[in-house]
Every structure is written in C-alpha cells, then in structure tokens.
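Asker: prediction below, plus the sequence it came from.
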Amino acid sequence: MLSQKISKRDRLGIFTKIERIILEIIDLSITASLESKNNKFTYLNPVRIKIEMLKRFFRISHDLEIINQKIYIDLELDLQELSKMTNGWIRYLQ
C-alpha cells in the first residue's frame, strides 16, 4: 500500500485529505449508479471535480518529493482513465 511507504507526518497530512476525497468519489459514484438517469448528473459533476482535485494533490505530493516519479505516473494514468470514464458517462447522459 502506498500509505505505508509515506512518512507519518505526510500520511496524517496530505494523504488524509487524499483518502477522504477518494472515499467521497466512491460514495458519489455508487450513488450516481443507483439514481435515475435524470438525477445522475447531480452526483457525477462533483465526482469530476474531485478527480481533478486528486490530480492536483498527487502533483503536489510529487513536487514535494513525498511520492516518487513512478508512483506519480501510475497514479496520474489511473486518474486520467477515471476522468475519461466519468466524462464519458456525463456525455452519455446529456
């Protein structure tokens, strides 16, 4: 796990915020999947925003040398894919 490789200070700082955002994304995504088609956008737009926030937090973590470049690139690729999927879902609903 990534959090075990991070110092306690950073794990209790920026990574607590990152974990909270990830849980919010999961919560909103599950809620959107269970809502009617007309109500899904209400939950998907905040998901899109939170994914962008995650990208920024991981970029900051990389810039501060909290995570190494390989981990950052892997995370960034995953977040880009997640962003594409979310945006595709939103386009489908429009």
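Answerer: Good, I have the coordinates.
Asker: where do the strands sit along this protein?
Answerer: Applying DSSP state E to the chain gives no strands.
Asker: with adjacent residues omitted, what lies nearest to Phe57?
Answerer: Among residues not flanking Phe57 along the chain, Ile18 sits closest, at 5.2 Å (C-beta to C-beta, 6 or more residues apart in numbering). All C-beta atoms are positioned from the backbone trio N, CA, C, and that covers glycine.
Asker: my bad, should have said Phe41
Answerer: Using C-beta to C-beta, 6+ apart and skipping residues adjacent in sequence, the residue nearest Phe41 is Leu93, 5.6 Å away.
Asker: how near is that neighbour to Lys50?
Answerer: 18 Å (C-beta to C-beta, to the nearest Å).
Asker: out of these two, which sits in the busier spot?
Answerer: Using other C-beta atoms under 10 Å as the criterion, Leu93 and Lys50 rank with Lys50 on top: 18 against 13.
Asker: is that one in contact with Ile18, as I believe?
Answerer: No - counting by C-beta atoms under 8 Å, Lys50 stays clear of Ile18, with 10.6 Å between them.
Asker: mind listing what the residue nearest to Phe41 touches?
Answerer: Residues near Leu93 by C-beta atoms under 8 Å, 6 or more residues apart in numbering: 37, 40-41, 44.
Asker: sitting in helices, which of these do you find?
Answerer: Under the assignment DSSP state H, these contribute 40-41, 44 to helices.
Asker: may I ask which of those has the most neighbours?
Answerer: Among the ones in helices among the contacts of Leu93, the one with the most neighbours (other C-beta under 10 Å) is Leu44, at 21 neighbours.
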